[in-house]
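Engineer: below are the sequence and a predicted model; questions follow.
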Amino acid sequence: MGLLALTSCAAGPNAQRSVADSAGHVAGFWLGLWHGIIAPVTFIVSLFSDRVNLYEVHNNGNWYNLGFALGAGILFGGGVASRKRNAGS
């Protein structure tokens, strides 16, 4: 059940285009944030599937990139908060 829950979070398949998909949808900041948070799961799934990519190519550019970077940063400790905790030790 846990494996099913983790794999259901993975980003969907995408064709190699630069902006909008065939339905006209574009990934923005919030989807970038989510994709950054689930990046480790998506990476593992992408090793076994050609239909899943780590990064959504149908995005709006800098806002998606910022969300992705923040999501990955949140997942891996956040930087500033972890420095404050370690300095007090």
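Structural biologist: Cool, got the structure.

Engineer: drop to CA atoms for contacts and neighbour counts, all remaining ones
Structural biologist: OK.

Engineer: pull the residues that contact the lengthiest helix in the chain.
Structural biologist: Ordering each helix of the chain by length in residues (DSSP state H) puts helix 62-75 first. Helix 62-75 is contacted from outside by 27-39, 79, using C-alpha atoms under 8 Å, 6 or more residues apart in numbering.

Engineer: which of these count as buried?
Structural biologist: Ala27, Gly28, Phe29, Leu31, Gly32, Leu33, Trp34, His35, Gly36, Ile37, Ile38, Ala39 (16 or more other C-alpha atoms under 10 Å).

Engineer: quick one: which of those residues is nearest Asn59?
Structural biologist: Ala27 (4.3 Å; C-alpha to C-alpha).

Engineer: could you measure from the closest residue to that closest one other than its chain neighbours over to Phe48?
Structural biologist: Spatial nearest neighbour of Ala27, excluding adjacent residues (C-alpha to C-alpha, 6 or more residues apart in numbering): Asn59 at 4.3 Å. Asn59 sits at a distance of 24 Å from Phe48 (criterion: C-alpha to C-alpha, to the nearest Å).

Engineer: of those two, who's got more company?
Structural biologist: It is Asn59, of Asn59 and Phe48, that has more neighbours when counted by other C-alpha atoms under 10 Å, with 22 against 9.
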